[in-house]
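Undergrad: Everything below, folded, please.
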Amino acid sequence: MDTNAATHTLIPTTADTLLLTLDEAARQLRCARRSVERQIAKRRLRVVHLGRAVRVERDELERFVATMRDTRDG
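TA: Purely as a prediction, here's the structure:
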């Protein structure tokens, strides 16, 4: 029996997760959680509210990074 496969299906990794906590989003961006909170306050990063929990969609995080890229090519 392959116990690694069973463990993987029970505990999703950050790459498998649709909604990220603010700490997970900060780790993905390699910045402080407070930096993520500032971007949310400035409405540059949209969030999903689940009751009192605040989450960031993976697609939204990718959109945010795309908007932060330097568009000058030379």
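
Undergrad: distance between the helix ranked longest in the chain and the chain's centre?
TA: Scanning the chain for the helix with the most residues, using DSSP state H, yields helix 58-68. Helix 58-68 sits 9 Å away from the centroid of its parent chain (CA atoms, centre = their mean, to the nearest Å).

Undergrad: So that it lines up with my notes, have the first residue be 4 from now on.
TA: Sure, I'll start numbering at 4, so the last one becomes helix 61-71.

Undergrad: Name the residues that touch it?
TA: Defining contact as CB atoms under 8 Å, 6 or more residues apart in numbering, one finds that helix 61-71 is touched by 20, 21, 22, 23, 28, 31, 32, 42, 47, 48, 49, 50. Quick note: C-beta positions are derived from backbone N, CA and C, even for glycine.

Undergrad: Next one, pLDDT for the spatially most central residue of the chain please.
TA: Residue closest to the mean C-alpha point of the chain, counted by CA atoms, centre = their mean, is residue 28 at 3.3 Å. Residue 28 carries a pLDDT value of 97.

Undergrad: quick one: what helix or strand has it in it?
TA: Using DSSP states H and E, residue 28 sits within helix 25-32.

Undergrad: Pull out the buried residues from that helix.
TA: For helix 25-32, a neighbour-count test (16 or more other CB atoms under 10 Å) marks 25, 27, 28, 29, 31, 32 as buried.

Undergrad: do the same with stretch 31-38
TA: So for stretch 31-38, counting by 16+ other CB under 10 Å, buried means 31, 32.

Undergrad: Give me the distance between it and the centre of its chain.
TA: Its chain's C-alpha centre and that of stretch 31-38 lie 10 Å apart, by CA atoms, centre = their mean.

Undergrad: so where's this protein shaky on pLDDT?
TA: Counting by pLDDT under 70, the chain shows low-confidence ranges at 4-18, 74-77.

Undergrad: re earlier: contacts for the helix holding residue 28 next, please.
TA: 17, 20, 23, 35-36, 38-40, 43, 48, 57, 59, 64, 68.
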